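K.L.:
predicted model and sequence below, questions to follow.
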Amino acid sequence: MKIAYIIDSTADLDQAYENHPDIYRVSLHVTYENGDVVEDSKDETEIQEFYRRLKKKRRHRSRLNRHHKHLLTS
């Protein structure tokens, strides 16, 4: 029986294992609610854009949660 390891593209793998025949890397994809799909990248600009969108989404959810809490206590 063969054993293999599957890791996603965000995993930091020691250089010694990069070309190991039993380690397989799959790309991580994030799909936003509007249908935009972002693939994992090493590009600094794309990484910053990902975190900017994530932070914007968290702020939006926080406002929604405060609004819903107000409705429940009214």
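P.N.:
Received the coordinates, thanks.
K.L.:
I'd say Arg25 and Ala4 touch.
P.N.:
No - counting by C-beta atoms under 8 Å, Arg25 sits too far from Ala4 to count as a contact (11.3 Å). Glycine gets a C-beta too; all of them are placed from N, C-alpha and C.
K.L.:
neighbour count for those two, which is higher?
P.N.:
Arg25 (15 against 9; other C-beta atoms under 10 Å).
K.L.:
C-alpha coordinates for the helix or strand harbouring the more buried one, PDB please?
P.N.:
Arg25 is part of strand 23-26, with elements assigned from DSSP states H and E. Extracted C-alpha coordinates of strand 23-26, given in PDB (Å, rounded to 0.1, in the frame of the first residue of the first chain):
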ATOM      1  CA  ILE A  23       3.800  14.700  -1.700                       C
ATOM      2  CA  TYR A  24       1.200  16.300  -3.900                       C
ATOM      3  CA  ARG A  25       0.300  20.000  -3.800                       C
ATOM      4  CA  VAL A  26      -3.200  21.200  -4.800                       C
END
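K.L.:
and the next helix or strand past that strand?
P.N.:
In N-to-C order, the element after strand 23-26 by DSSP H and E is strand 29-31.
K.L.:
sheet partners, orientation included, of that next one?
P.N.:
strand 37-39 (antiparallel) (DSSP bridges).
K.L.:
how far out from the middle of the chain is the partner strand?
P.N.:
9 Å (C-alpha atoms, centre = their mean, to the nearest Å).
K.L.:
average pLDDT for it?
P.N.:
Confidence for strand 37-39, expressed as mean pLDDT, is 86.
K.L.:
quick one: contacts of it?
P.N.:
Here strand 37-39 makes contact (C-beta atoms under 8 Å, 6 or more residues apart in numbering) with 27-32, 46, 50.
K.L.:
name the element Thr45 belongs to?
P.N.:
Here Thr45 is assigned to helix 44-73, by DSSP H and E.
K.L.:
mean pLDDT per helix and strand in this structure: which one sits at the bottom?
P.N.:
Within the chain, no helix or strand scores below helix 44-73, which has a mean of 70 by mean pLDDT, DSSP states H and E.
K.L.:
and the spatially most central residue of the chain, how far from His20?
P.N.:
Taking C-alpha atoms, centre = their mean as the criterion, Val30 is the residue nearest the geometric centre of the chain, at 5.5 Å. Here the criterion is C-beta to C-beta, to the nearest Å. By it, Val30 lies 27 Å from His20.
K.L.:
many thanks, I have nothing further to ask.
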